[in-house]
Every structure is written in C-alpha cells, then in structure tokens.
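>>> the following block contains a protein sequence and its predicted model.
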Amino acid sequence: AQKVTQAQTEISVVEKEDVTLDCVYETRDTTYYLFWYKQPPSGELVFLIRRNSFDEQNEISGRYSWNFQKSTSSFNFTITASQVVDSAVYFCALSEAGTGANNLFFGTGTRLTVIP
Amino acid sequence: DAGVIQSPRHEVTEMGQEVTLRCKPISGHNSLFWYRQTMMRGLELLIYFNNNVPIDDSGMPEDRFSAKMPNASFSTLKIQPSEPRDSAVYFCASGFTGQGGDTQYFGPGTRLTVL
C-alpha cells in the first residue's frame, strides 16, 4: 500500500494566486515524521519542513504554510501569493520510527507551474 | 556551509561499462543515503549507512550495484556492469543522527545515462 499519496499530479496557477498541495499518508506507527521537499527545474531536492506526529501545530514560514491534521492523515502545503520561482515539483514524504529507520517514503510529487 | 557534494553531475556511458558515483556528505552528519529517481518508480532508497556502516541495503536492485563508505566524508555507489535500465538520477543525502525521522539533506544528484 502506498504510504504517501499526492493525488494532484500537476497544478497550474497564475502568479499571486494561493495554491494548496495535498498530501495524505498512511501508517500504523504512532511515532512518525512528515516532510516536504521541493525539486526545482535544476533538479536538486530542497528540504522545506519536518513535522513529527506529536506536533499538530500548523506552521508558517513566509509565504509557505503547512496544515497537519492527524484526524484525516493529511499534511497539506499552501503557498500564498505564488511566484514564478515557486514552479517546481513538490514531494511529501513519511518516515516511520517503528521501522528503525531512516527510510523516507516519498509521494509521487505534484508539479506546480506558476504562470506569470 | 557546503551541502552534500556529488560527482560527476552527469555521466554518459555505454552498456557494460563500470560506473562510479561519488558523494561527500555534510560535515558532522553520520548517516548517508543513496536514492535513485526515475519517472516510472519515483524516488527509491537504495542503501543507507550509519556511522559508515551499511544498515539497510534492501533497496539495492541487484548484485551489479555496490556501495561503500570508507570514512565519514566519502561514499561511492558503483554499478558494474551498467545497463540501459540503470539510467536515472542518483541522489546522495546525509543526516545528523541516523535515527528515525532524521532530516535528510540531498545533494544535487548525478544524472546517469547508459546507452
């Protein structure tokens, strides 16, 4: 079973619009960690945020915000007032403490295109 | 601070040749990961090391792949012999604790093309 689902394959928005990228995860562990990474056209993977399962507080960092809801197993990412530089593929990922591990299970990614 | 360094950034080789990818993790990090990214399979963990010791290599596709970490500042991923289906972007990542949930910081990747 897929542990991380990013149902939106591609999204296009016009610059300055807000956009939300969805992430739904599946785990039986009570302790787990969620991540978002950005992969711009240049190809590198850039770490954006890490949340642990005990901390459901939403987080805001500039134009970025994250909404973690355990009740719906979701960890959604919102970009406010999008800019062309936000165009990238965004990956949600899960790590489970119970597997020992450092396995990061990645979703399939959402390609965001911001149109000027 | 320098991030994870990978070399080469691009590699084009012919089927049957040996390929060696190199990675220098972030100084002070004690865990290192090799991933492969393809369109078909997305991002897959190949192997990870903690304190230079291989912990989980269950993602290594087959015996043609091998990875080493001779010291804390260097790792290699070798493919011998290479095949066209090995064409992918290979990422190296490093982390601080090696524990579950550790944030992994990725290098720029090596784009491998096997003809």
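Here it is on my side, so go on. Numbers count the residues shown, from 1 in each chain, chains lettered A, B, ... in the order given.
>>> any idea how far residue A:64 lies from residue A:78?
When Cβ to Cβ, to the nearest Å is the yardstick, residue A:64 and residue A:78 sit 7 Å from each other. For every residue, glycine as well, the C-beta is placed using N, CA and C.
>>> same check, this time on residue B:20
From residue B:20 across to residue A:78, the span is 42 Å (Cβ to Cβ).
>>> which non-adjacent residue is nearest residue A:35?
Sequence neighbours aside, residue A:93 is the residue nearest to residue A:35 in space, at 4.3 Å (criterion: Cβ to Cβ, 6 or more residues apart in numbering or on different chains).
>>> neighbours around the one you found, how many?
Neighbouring residues of residue A:93 were enumerated by other Cβ atoms under 10 Å in any protein chain shown; the total is 24.
>>> for the closest residue to residue B:23 other than its chain neighbours, what are its contacts?
Using Cβ to Cβ, 6+ apart and skipping the chain neighbours, the partner closest in space to residue B:23 is residue B:92 (3.4 Å). Neighbour list for residue B:92: B:4, B:6, B:21, B:23, B:25, B:32-35, B:75, B:77, B:106-107 [criterion: Cβ atoms under 8 Å, 6 or more residues apart in numbering or on different chains].
>>> these two touch, right, the residue nearest to residue A:35 and residue A:106?
Yes - between residue A:93 and residue A:106 a contact is recorded at 4.7 Å, counting by Cβ atoms under 8 Å.
>>> tell me, what's touching these two both at once?
When contacts are counted by Cβ under 8 Å, 6+ apart, the set common to residue A:93 and residue A:106 consists of A:4, A:37.
>>> quick one on the thing from earlier: taking the contacts of residue B:92 one by one, which sit in strands?
B:6, B:21, B:23, B:32-35, B:75, B:77, B:106 (DSSP state E).
>>> got those residues as JSON lines, with neighbour count and pLDDT columns?
Formatted as JSON lines, these follow (neighbours: other Cβ atoms under 10 Å in any protein chain shown; pLDDT from 0 to 100):
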{"residue": "B:6", "neighbour count": "22", "pLDDT": "97"}
{"residue": "B:21", "neighbour count": "21", "pLDDT": "98"}
{"residue": "B:23", "neighbour count": "25", "pLDDT": "98"}
{"residue": "B:32", "neighbour count": "31", "pLDDT": "93"}
{"residue": "B:33", "neighbour count": "29", "pLDDT": "94"}
{"residue": "B:34", "neighbour count": "25", "pLDDT": "96"}
{"residue": "B:35", "neighbour count": "25", "pLDDT": "96"}
{"residue": "B:75", "neighbour count": "24", "pLDDT": "98"}
{"residue": "B:77", "neighbour count": "23", "pLDDT": "98"}
{"residue": "B:106", "neighbour count": "21", "pLDDT": "95"}
